[in-house]
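Undergrad: This is a predicted model, with the sequence first.
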Amino acid sequence: MGSSWFNQTPINLDLNIGPQHRRNPLMKEETGSLPLAGKTSSPREELEAKLERMSEENERLKEKLASMQASYALLQNKLVDVMATSSSEVAGPPSPTKKRKGDDSAEMSDDSCKRLREEARPMISKLCVRTDPSDPSLVVKDGYQWRKYGQKVTKDNPCPRAYFRCSFAPACPVKKKVQRSAEDRSMLVATYEGEHTHPGSSSQIEPPNGDGLNLSSAASAHPSPQVRPSPST
DNA sequence: CGAATTTGACCTGCGC
DNA sequence: GCGCAGGTCAAATTCG
Ligand SMILES: [Zn+2]
């Protein structure tokens, strides 16, 4: 079994939060275009710079989270699949559904994904991400590069559905459908299908950090060229 | 200049 | 057999 998606590098985000006294020289300064008061080191600029860093970090954090969600969903699906394969005859207990509401997003994964597997085989994974920003239906950066190849409007949802394909590798059977929630405009339902054949997701690699701390990117290229023979009969 | 996005046309499976 | 709904393609256009 391919276990490449498991050896993902640990969470090594260099967050800007907290007391960051040192500023990375790679931060671009836009002070040159701010001819306001003659003050050179006005607190406002500092705040703006900090806010910019925050925004950047937020961006990275967001895509990181999306990537982790994707990985988690994939893992969950695999687990369910292997479980179903192992014990085909599931006892089907009443399954005490403990409903805990009022939580963050991505809470329904452990619940809906299983149901999804039982109900719909072809779909590999489905995850919902909360996206409030002005994203009509753009390329969600979840760690892979997607190229939109279609957009249709379904009669179920007034919002159009976008079709994406992975363009990271020349041949990647992975497809993705993105559609907003029917009622909640801030919910994006992404349906992933297929599995990536190229190693790594560019979202985990961090930009060149000044300090040469850990440069051993451990290029454990798991080729895993063998296509999975789709054990499911 | 190349690649990605947009957008209408075209194809296909399914229900009636 | 026809119509509908969803999915894909491909040319034109835009972005970098
Ligand atoms: Zn891919």
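TA: Here it is on my side, so go on.
Undergrad: Restricting to C-alpha, output stretch A:52-65 in CSV.
TA: Output of stretch A:52-65 as CSV, limited to C-alpha atoms (Å, rounded to 0.1, in the frame of the first residue of the first chain):
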residue,chain,number,x,y,z
GLU,A,52,0.9,42.1,6.0
ARG,A,53,2.9,39.4,7.6
MET,A,54,-0.2,38.3,9.4
SER,A,55,-2.1,38.1,6.2
GLU,A,56,0.6,36.1,4.5
GLU,A,57,0.7,33.8,7.4
ASN,A,58,-3.0,33.4,7.3
GLU,A,59,-2.8,32.5,3.7
ARG,A,60,-0.2,29.9,4.2
LEU,A,61,-2.1,28.6,7.2
LYS,A,62,-5.2,28.3,5.3
GLU,A,63,-3.8,26.3,2.4
LYS,A,64,-1.9,24.2,4.9
LEU,A,65,-5.2,23.4,6.6
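Undergrad: So for it, what gets flagged as buried?
TA: For stretch A:52-65, burial by neighbour count (16 or more other C-beta atoms under 10 Å) applies to A:53, A:60, A:62-64. To be clear about C-beta, it is placed using only N, CA and C from the backbone, and glycine gets the same treatment.
Undergrad: how about it, does it get close to DNA strand B?
TA: No: using C-beta under 7 Å from any atom of the strand, stretch A:52-65 stays clear of DNA strand B, coming no nearer than 14.3 Å.
Undergrad: model confidence over that stretch, on average?
TA: For stretch A:52-65, mean pLDDT is 83.
Undergrad: Stretch A:185-197 now?
TA: Stretch A:185-197 shows a mean pLDDT of 83.
Undergrad: Can you get me the start-to-end distance on it?
TA: End-to-end distance for stretch A:185-197, by C-alpha to C-alpha, to the nearest Å: 33 Å.
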